[in-house]
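A.B. asks: I'll drop the sequence and a predicted model, then ask my questions.
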2 protein chains.
Amino acid sequence: MALPLLDQIRQRHAGICLYGFAPPKRTSSADQLASIAAQQVERIGALDIDGVIIYDIQDEAQRTPEPRPFPFLPTVAPDEYANVHLAALNLPKVVYRSVAGDSRESFVEWLATANAARAIHVLVGAPSRNASTGLGLREAYGLVQAHAPGLELGGIAIAERHERGLDEHERMLSKTEAGCRFFVTQAVYDVTSTLSLLSDYSLALGARGEPPQPVVLTFSPCGSEKTLSFMKWLGIRFPRWLENELRFAADPLEKSLALCERIFLEVWEYAREKGIPLGVNVESVSIRKAEIEASVQLIQTLRGHMRRSLG
Amino acid sequence: MALPLLDQIRQRHAGICLYGFAPPKRTSSADQLASIAAQQVERIGALDIDGVIIYDIQDEAQRTPEPRPFPFLPTVAPDEYANVHLAALNLPKVVYRSVAGDSRESFVEWLATANAARAIHVLVGAPSRNASTGLGLREAYGLVQAHAPGLELGGIAIAERHERGLDEHERMLSKTEAGCRFFVTQAVYDVTSTLSLLSDYSLALGARGEPPQPVVLTFSPCGSEKTLSFMKWLGIRFPRWLENELRFAADPLEKSLALCERIFLEVWEYAREKGIPLGVNVESVSIRKAEIEASVQLIQTLRGHMRRSLG
């Protein structure tokens, strides 16, 4: 029997297993919401996982001049969806909160409700520096320490950003100082930048004599050209050969599962060597049935690998 | 018993195994030259390989503003070294020829002697577009077809260039049209760009209905910070995590051998899937004894893997 998620995080365990998804769109009727939530409680409640992640979807159109392959539809607020609609889902919840739309006042107000809920939170900054009109991430962490020091926090870690600036490990260290006890990546299709981030993170911790926090790698099946272009739009890097494998596969979805498994195993082995506790988060960025079913299959596969490796 | 190198090339076999080195520096005395050549005939003649590559070392200072970590010392001409000094080395020779220093006349003159020698040749263009003052590679291939159509040719393929422009596979196709029957890469430390090049090469050949030529991957042990910086200066890409592994290894040379073996196995498996006949070329960019001995150890390891895989 696995420890509860919060204990796994606090004790820096490897093997954390999460399932990530976005709330339904805001225009859903009360009936629709109730029906979607009931389905998720049944479907996700049956998974052998340690918790769920509920995303805070942003438009992100300011991050790139490319047109968004799927339309942006504002969703129900993630904490409302987690605490109210998914109240019957008996799993720990990691709830994302985008702070870019907040003022200091609205964020402090939100902190009071967040503190009352028993969720773990991940604060998300503006999708690009140019986009930032509201609260910055650093300021938000400051407000947490002042107004809700007991709030359980995780942070985002983006390997693709490390590939460009070689400084994402420093952001992880700052976020740790600001109270983050674990990290979640975006979907991993690029092994190299992921290993590079873990390598620099591990070296920097070694120099400081600090232990690594759990790093939860996100995996996301990709079963179509459109999902691929959406994931690329979101900033997920696909090495050219891997993109070719997906584009020209007889069954792209099967191929993406095989590639995700291969990537997981390579990063897992490396992280074991470095003593970094790795976990996984599986999501489906599309709402296609086949891709959602594939995400469930993938989480079982990856959980199986982690269990066997951890003994 | 393996086929002679030229037959392996013509029949597009996987498993070609070469050892690469540069000629001695031009300022060597006749005695020094004779002694170096005698040592190489003994040492390299004892290796279980299909042939040797003799490089044409260029300054390459125009390719990058960074200072060259090792001084540039002009060498004896590669074909003179191969045909005269290493006449006693009873192995097929692949001789490089940099054409950037040639005029049409000097190149045509050289072609007559090259045609008489029984070596296989690899023409090398200017190290950067800016550096080109003499003959271009395309023009050189044209002169080969006009004046020495029977010359056996291989070409250079650079995965790092593919990473930037996604067009190196097209250069391989043009070089094949120009008569190249195999390709040699620069030292491979970046799996991803190598797989990407092979992937695009394989897809383009599939579209044309043409068979792939043998691709000889170069591996080069890296036992010190200085060798690492020299290889980076030469344009060889090291993923950040791999560079960290080398820099912080208790025994960098051992670590580089393990990494080269791992890289080889990953690319080999992928190339087998795609039906691309892969070979290896092992070199030592430094003249340190430990690195030269490591290169010999590496070639035995890689040859062993190829033999077992090919049955």
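C.D. replies: All right, it came through fine.
A.B. asks: how much space between A:Lys25 and A:Ile54?
C.D. replies: Going from A:Lys25 to A:Ile54 by CB to CB, to the nearest Å gives 14 Å. For the C-beta atoms, the positions are set from N, CA and C on the backbone; glycine is no exception.
A.B. asks: what about the strands in the stretch 201-311 of chain A?
C.D. replies: Secondary structure of the stretch 201-311 of chain A (DSSP state E, counting those that start in this stretch): strands at A:215-219, A:278-283.
A.B. asks: Could I get these in JSON lines, plus columns for mean pLDDT?
C.D. replies: Shown next, in JSON lines, are these (pLDDT from 0 to 100):
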{"stretch": "strand A:215-219", "mean pLDDT": "98"}
{"stretch": "strand A:278-283", "mean pLDDT": "98"}
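A.B. asks: Nearest to A:Ala258, out of those?
C.D. replies: Ranking the strands of the stretch 201-311 of chain A by proximity to A:Ala258 (CB to CB) places strand A:215-219 first, at 11.9 Å.
A.B. asks: ok, the closest one near chain B or not?
C.D. replies: No. Using CB under 8 Å from any CB of the partner chain, no contact is recorded between strand A:215-219 and chain B, whose separation bottoms out at 14.0 Å.
A.B. asks: of A:Lys25 and A:Ile54, who's got more company?
C.D. replies: Remark: of A:Lys25 and A:Ile54, A:Ile54 carries more neighbours, 25 against 16, as counted by other CB atoms under 10 Å in any protein chain shown.
A.B. asks: what sits against A:Ile158?
C.D. replies: A:Ile158 makes contact with A:Glu168, A:Thr185, A:Gln186, A:Gly235, according to CB atoms under 8 Å, 6 or more residues apart in numbering or on different chains.
A.B. asks: So which of these belong to strands?
C.D. replies: Mapping the contacts of A:Ile158 onto strands (DSSP state E) picks out A:Thr185, A:Gln186.
A.B. asks: Now pLDDT, distance to B:Gln39 and neighbour count too, for the contacts of A:Ile158, in TSV please.
C.D. replies: Shown next, in TSV, are the contacts of A:Ile158 (pLDDT from 0 to 100; distance: CB to CB, whole Å; neighbours: other CB atoms under 10 Å in any protein chain shown):
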residue	pLDDT	distance to B:Gln39	neighbour count
A:Glu168	98	49	24
A:Thr185	98	52	24
A:Gln186	96	54	21
A:Gly235	94	54	16
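A.B. asks: Could you find the closest non-adjacent residue to A:Phe21?
C.D. replies: A:Glu283 (6.3 Å; CB to CB, 6 or more residues apart in numbering or on different chains).
A.B. asks: I figured the one you found was touching A:Cys222, is that so?
C.D. replies: No. Assessed by CB atoms under 8 Å, A:Glu283 is found out of contact with A:Cys222, at 11.2 Å.
A.B. asks: In terms of neighbours, single out the busier of these two.
C.D. replies: The neighbour count for A:Glu283 versus A:Cys222, taken as other CB under 10 Å, is higher for A:Cys222 (32 against 23).
A.B. asks: Let me know the distance separating the more buried one from chain B.
C.D. replies: A:Cys222 sits at a distance of 17 Å from chain B (criterion: CB to the nearest CB, to the nearest Å).
A.B. asks: Is that residue in contact with A:Ala258, as I believe?
C.D. replies: No. A:Cys222 lies out of contact with A:Ala258 (CB under 8 Å); the separation is 11.6 Å.
A.B. asks: Give me the neighbour count for A:Glu177.
C.D. replies: Close neighbours of A:Glu177, defined as other CB under 10 Å, add up to 10.
A.B. asks: Now do the phi/psi pair for it.
C.D. replies: Main-chain torsions, A:Glu177, degrees, to the nearest 10: phi -60, psi -30.
A.B. asks: Check A:Pro149 too.
C.D. replies: According to degrees, to the nearest 10, A:Pro149 has phi -60, psi -20.
A.B. asks: who's in contact with the closest residue to it other than its chain neighbours?
C.D. replies: Nearest non-adjacent residue to A:Pro149, counting by CB to CB, 6+ apart: A:Gly179, 7.8 Å away. A:Gly179 sits next to A:Tyr141, A:Val144, A:Gln145, A:Pro149, A:Leu151, A:Leu153 when contact means CB under 8 Å, 6+ apart.
A.B. asks: What separates the first and last residues of stretch A:63-71, distance-wise?
C.D. replies: 15 Å (CA to CA, to the nearest Å).
A.B. asks: for the closest residue to A:Asp7 other than its chain neighbours, helix, strand, or coil?
C.D. replies: Among residues not flanking A:Asp7 along the chain, A:His13 sits closest, at 8.0 Å (CB to CB, 6+ apart). Secondary structure state of A:His13, per DSSP: H, G, I helix; E, B strand; the rest coil, is coil.
A.B. asks: Please report how far A:His13 lies from B:Val99.
C.D. replies: 60 Å.
A.B. asks: between those two, which one's more packed in?
C.D. replies: For the pair A:His13 and B:Val99, the greater number of neighbours falls to B:Val99 (23 against 18), based on other CB under 10 Å.
A.B. asks: Spell out which parts of the stretch 51-200 of chain A neighbour chain B.
C.D. replies: A:His162, A:Glu163, A:Leu166, A:Asp190, A:Val191, A:Thr192, A:Leu195, A:Ser196, A:Leu198, A:Ser199, A:Asp200.
A.B. asks: can you list contacts of the host helix or strand of the second one?
C.D. replies: Assessed by DSSP states H and E, A:Glu163 sits inside helix A:159-165. Helix A:159-165 is contacted from outside by A:167-169, A:171, A:185-186, A:188, A:190, A:192-194, A:196-197, A:200, A:235-237, B:240, using CB under 8 Å, 6+ apart.
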